[in-house]
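S.K.: prediction below, plus the sequence it came from.
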Amino acid sequence: MTQEIRAIFDRIAPVYDQLNNWLSLGQHRIWKEMAVKWSAAEPGDTCLDLCCGSGDLALRLARRAGAKGQVYGVDFSPNLLATAQERSQSQYPQPAISWIEADVLNLPFDDNQFDAATMGYGLRNVTDIPSSLQELHRVLKPRAKAAILDFHRPGNPQVRAFQQWYLDNIVVPIAEQMGVKEEYAYISPSLDRFPTGQEQVEISRQVGFVSATHYPIANGMMGVLVVSKV
């Protein structure tokens, strides 16, 4: 399953940012800034961005960490990492970001290494959510926070119906025009499988986070899980 998901993200790499705009109704930049703020990253911090994709969230995290900070962007798609590296190289001054190909279920970092972490649109796609959160817990320093942003199925039936209509009639047809229809058709079933915000809170506490809060955004179509380690 991991290999299949990696192959999907390798194929969508060239159009990843364009389709994120459509998926989020153009709001993803605002939500990413919220996630960075909730991570409580500060100047000089060593930060982690999991499932970094094309690097947008990692770049925002790097601006927060500043010139004396360090950010590690992790993804298992080499094509997306190449896009992220190209984006960071076009920045001036150069952000202090290291791009690393790795699986969130087996992170190549020491225990208690990071001051803050983010993850954007990644938790829904991992094959073992509790294990990925456990790995995140392991690499965070005591009292560190992480903010995890992702799409969700809203509880309101009318909003849920709108979300499904939008996916079926806007997102997937646009993806088809870009040659990645099959790759984006997976979104709907992935939303159906994704734990609710409250379920994510419970899983987070089970793996060791001392506090976990889920903040619904966009009428429940989006959410940010904020976790904190003792």
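M.R.: Thanks, I have it.

S.K.: give me the beta-bridge partners of the residue nearest the centre of the chain?
M.R.: By Cα atoms, centre = their mean, the chain has its centre lying nearest to residue 120, at 1.5 Å. For residue 120, the beta-bridge assignment (DSSP bridges) gives partners residue 149.

S.K.: gap between it and residue 110?
M.R.: Plainly put, residue 120 is 24 Å away from residue 110 if you go by Cβ to Cβ, to the nearest Å. In this view, the C-beta of every residue, glycine as well, is placed from N, C-alpha and C.

S.K.: OK, contacts around the residue nearest to the centre of the chain?
M.R.: For residue 120, the set of contacting residues under the criterion of Cβ atoms under 8 Å, 6 or more residues apart in numbering consists of 32, 35, 49, 51-53, 56-57, 149-150.

S.K.: show me what contacts the residue nearest to residue 45 when sequence neighbours are not counted?
M.R.: Spatially, and ignoring its direct neighbours in sequence, residue 45 is nearest to residue 115 (3.8 Å; Cβ to Cβ, 6 or more residues apart in numbering). Shown in contact with residue 115 (Cβ under 8 Å, 6+ apart): 41-42, 45-47, 141, 144.

S.K.: what number of residues lie near the residue lying closest to residue 96 once chain neighbours are set aside?
M.R.: Once flanking residues are discounted, residue 96 sits nearest to residue 70: 5.0 Å by Cβ to Cβ, 6+ apart. Applying the criterion other Cβ atoms under 10 Å, we find 17 residues in the vicinity of residue 70.

S.K.: same question for residue 101.
M.R.: Other residues near residue 101 come to 14 when the count uses other Cβ under 10 Å.

S.K.: what is it paired to in the beta sheet?
M.R.: Partner residues in beta bridges with residue 101: residue 75, with DSSP bridges as the criterion.

S.K.: that one reaches residue 79, doesn't it?
M.R.: No. Between residue 101 and residue 79 there is no contact under Cβ atoms under 8 Å: 10.4 Å.

S.K.: hmm, residue 83 is touching residue 56, no?
M.R.: No. With the criterion set as Cβ under 8 Å, residue 83 and residue 56 do not qualify as a contacting pair; they are 10.0 Å apart.

S.K.: any idea how far residue 125 is from residue 74?
M.R.: Using Cβ to Cβ, residue 74 is found at 14 Å from residue 125.

S.K.: quick check: neighbours shared by the two?
M.R.: Both residue 74 and residue 125 are in contact with residue 51, where contact means Cβ under 8 Å, 6+ apart.
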